[in-house]
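>>> After the sequence you'll find the predicted model.
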Amino acid sequence: MAECEELVESGAEDMPRVVAALAGILERVTERNDAAVAADLSVASAFRATNKPGISVRAYMARIARFARCSPACYVVAYVYLDRLLRRGRRLALAVDSYSVHRLLITAVLAAVKFLDDIRYNNAYFAKVGGISLVEMNYLEVDFLFGVGFDLNVTPGTFGDYCAVLQSELLCAEAPPEPPTQTPRLQYCCLSEDDAGAGASCSSQQQLAA
């Protein structure tokens, strides 16, 4: 998997390229969803904060990468988990926006680390990294696991497909942006596990699953 090997390398921001790629995707999704939901706090979710955190998605991911020190593969698996959670949570209108993206990220990475890495930090440490309390971290983890139906296994094929999406994101970051759509829609993640090989283009990253 050449894409996966390239994603492990560090980029200009001195962090794994996979972190920069995932940050780019989530920044775009967050911006579009903010326009779609107009910060509607009536949507009940443990992952939605009452106020927008003062740290950007990219800076938050850089903080996680710096202190969590997990394997780069964890970020690919965290991306898979986020996709699974959001697809299962459509009926609740759960989406990645400025109010939820940080909690979703820290919880997805925590779940991926526990599933993949033999050596890892505990929940108390991740809570400090994420800027939340241990009680909240524990609650979010349980809510997340139930949200994905405890479906934590990722096949090599699925892993490779999501690597391809992240690699494509790095290439698309240098391409001119497409004009925004006239009607905002809730955006989820970038690739369905049923759409094998469908994520390695700029257009597929702009047309996220609805």
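Perfect, I can see it now. Numbering: from 1, shown residues only.

>>> Can I get the helix ranked longest in the chain in CSV, CA atoms only?
In terms of residue count, the longest helix belonging to the chain (DSSP state H) is helix 17-37. Extracted C-alpha coordinates of helix 17-37, given in CSV (Å, rounded to 0.1, in the frame of the first residue of the first chain):
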residue,chain,number,x,y,z
ARG,A,17,1.0,13.4,6.8
VAL,A,18,-2.0,11.3,7.7
VAL,A,19,-2.7,13.9,10.5
ALA,A,20,-2.6,16.8,8.1
ALA,A,21,-4.8,14.9,5.6
LEU,A,22,-7.4,14.1,8.1
ALA,A,23,-7.4,17.6,9.5
GLY,A,24,-7.9,19.0,6.0
ILE,A,25,-11.0,16.7,5.4
LEU,A,26,-12.5,17.5,8.8
GLU,A,27,-11.9,21.2,8.4
ARG,A,28,-13.8,21.3,5.1
VAL,A,29,-16.6,19.1,6.5
THR,A,30,-16.9,21.2,9.6
GLU,A,31,-17.2,24.4,7.6
ARG,A,32,-19.9,23.0,5.4
ASN,A,33,-21.9,21.6,8.2
ASP,A,34,-21.7,24.9,10.2
ALA,A,35,-23.5,26.5,7.2
ALA,A,36,-26.0,23.7,7.0
VAL,A,37,-27.1,23.4,10.6
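
>>> right, and the helix or strand after that helix?
helix 57-68 (DSSP states H and E).

>>> any weak-confidence spans in the protein?
The chain contains residues with pLDDT under 70 at 1-15, 37-44, 89-93, 173-210.

>>> which stretches of it form helices?
Residue ranges of the helices in the chain, as given by DSSP H, are 2-8, 17-37, 57-68, 73-88, 101-116, 123-130, 134-147, 156-172, 202-206.

>>> other SSEs contacting the longest one?
Of the remaining helices and strands, those touching helix 17-37 by 3 or more Cβ pairs under 8 Å, 6 or more residues apart in numbering; DSSP states H and E are helix 2-8, helix 57-68, helix 73-88, helix 101-116, helix 156-172. In this view, the C-beta of every residue, glycine as well, is placed from N, C-alpha and C.

>>> and the angle for it with helix 73-88?
Helix 17-37 runs at 20 degrees relative to helix 73-88, counting by axes from the mean of the first three to the mean of the last three Cα atoms, to 10 degrees.

>>> Show me what counts as buried in helix 17-37.
17-30, 32-34, 36-37 (16 or more other Cβ atoms under 10 Å).

>>> so how many other residues sit close to Arg58?
Neighbours of Arg58 under the rule other Cβ atoms under 10 Å: 17.

>>> Could you do Leu116 as well?
Residues near Leu116, counting by other Cβ under 10 Å: 17.

>>> Spatially nearest residue to it (excluding sequence neighbours)?
Cys74 (5.4 Å; Cβ to Cβ, 6 or more residues apart in numbering).

>>> so who does Leu22 touch?
61, 75, 78-79, 166, 169 (Cβ atoms under 8 Å, 6 or more residues apart in numbering).
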